[in-house]
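Trainee: model this:
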Amino acid sequence: MTNYGKPVSADFTLSPMSDDFVRVILDTLDKTNTSKVWMETDDVSTVIRGKSVHVFDVTKAICVYAAQTGKHVSFQARYSLGCPGNEETEAFLSMDDKKEHTYTVEDEKIYAAAKFSLYPIGAADFTETILNQIEKMKTYVKVSRVPTATKLEGSLTAMFNGLEEVFDATVDAGADHVVMVVSVSMNSPSHQ
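Mentor: Presented below is the predicted three-dimensional model:
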């Protein structure tokens, strides 16, 4: 697992498309083990910070648990490395690399559609870096281009496995600051 010596952040919003959206959000967060990340929620979003492995473990679990409700849910997140943060999040870098969440065969079948954009700021050849990572995502899910992002379709858990690998590989390729924007839709009535 990758430890960069500084925290990875995810600033995210979970949006259930149902009248009981508060219950869906609270139940989802209650099921998610967040002991290995720093977390703060305000009236706009939730931010988590820690090791890359734990930030992706938590956000993947949140999406899986929200999707298990059967409700149409969207998840928007901005992952970043290299943004200034607060010192209290540094303590979470000493956590071990063991992920806290496991998934069933049924969880592995949860379908999701997503769009993502990758910004390797400070990379010597950022275009090549982006194209290489889009190619890497093809080993996890179906990939297609749309005008403003890259579209992903397939298993939700496989999608998050790929997003984590792509983020880490982009950092390892030498970018000083990496930002990845992801918008995921689960249980959408548009999907047949």
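
Trainee: Identify the residues contacting Lys99.
Mentor: Val53, His54, Asp57 (Cβ atoms under 8 Å, 6 or more residues apart in numbering). Using the backbone N, CA and C atoms, a C-beta is placed for each residue, glycine as well.

Trainee: possible to save those as CSV with secondary structure, distance to Thr13 and neighbour count?
Mentor: Below are these laid out as CSV (DSSP: H, G, I helix; E, B strand; the rest coil; distance: Cβ to Cβ, whole Å; neighbours: other Cβ atoms under 10 Å):
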residue, secondary structure, distance to Thr13, neighbour count
Val53, helix, 22, 20
His54, helix, 19, 28
Asp57, helix, 19, 25
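
Trainee: of those, closest to Ala112?
Mentor: Asp57 (16.8 Å; Cβ to Cβ).

Trainee: Tell me if Thr129 really is in a strand.
Mentor: No: using DSSP: H, G, I helix; E, B strand; the rest coil, the secondary structure at Thr129 is helix, not a strand.

Trainee: for it, what are its contacts?
Mentor: Here Thr129 is in contact with Leu118, Pro120, Ala123, Thr170, Ala173, Ala175 (Cβ under 8 Å, 6+ apart).

Trainee: Relative to Met39, which of the contacts of Lys99 is nearest.
Mentor: For these, the nearest to Met39 is His54 (10.7 Å; Cβ to Cβ).

Trainee: Just the pLDDT for the closest one.
Mentor: For His54, the pLDDT comes out at 97.

Trainee: That one against Met39, yeah?
Mentor: No: using Cβ atoms under 8 Å, His54 is not in contact with Met39; the gap is 10.7 Å.

Trainee: wait, what's in contact with the closest residue to Ile48 other than its chain neighbours?
Mentor: Nearest residue to Ile48, sequence neighbours excluded (Cβ to Cβ, 6 or more residues apart in numbering): Val37, at 4.4 Å. Listed by Cβ under 8 Å, 6+ apart, the contact set of Val37 reads Ile48, Arg49, Gly50, His54, Val55, Val58, Phe92.

Trainee: Which one of the residues you listed is nearest to Tyr111?
Mentor: Val58 (21.3 Å).

Trainee: Just the element for that closest one, please.
Mentor: helix 52-67 (DSSP states H and E).

Trainee: Run the chain-centre distance for stretch 5-19.
Mentor: 8 Å (Cα atoms, centre = their mean, to the nearest Å).

Trainee: For that stretch, output the C-alpha coordinates as PDB.
Mentor: Below are the C-alpha coordinates for stretch 5-19, written out as PDB (Å, rounded to 0.1, in the frame of the first residue of the first chain):
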ATOM      1  CA  GLY A   5       4.200  10.900   4.000                       C
ATOM      2  CA  LYS A   6       1.200  13.300   3.700                       C
ATOM      3  CA  PRO A   7      -2.500  12.700   3.800                       C
ATOM      4  CA  VAL A   8      -4.800  12.000   0.900                       C
ATOM      5  CA  SER A   9      -8.200  13.800   1.200                       C
ATOM      6  CA  ALA A  10     -11.600  13.000  -0.100                       C
ATOM      7  CA  ASP A  11     -14.300  15.700   0.000                       C
ATOM      8  CA  PHE A  12     -17.600  14.000  -0.800                       C
ATOM      9  CA  THR A  13     -21.300  14.300  -0.800                       C
ATOM     10  CA  LEU A  14     -23.700  11.300  -0.700                       C
ATOM     11  CA  SER A  15     -27.200  12.100  -2.200                       C
ATOM     12  CA  PRO A  16     -29.900   9.500  -1.900                       C
ATOM     13  CA  MET A  17     -32.900  10.200  -4.200                       C
ATOM     14  CA  SER A  18     -35.600   9.300  -1.700                       C
ATOM     15  CA  ASP A  19     -37.800  10.800   0.900                       C
END
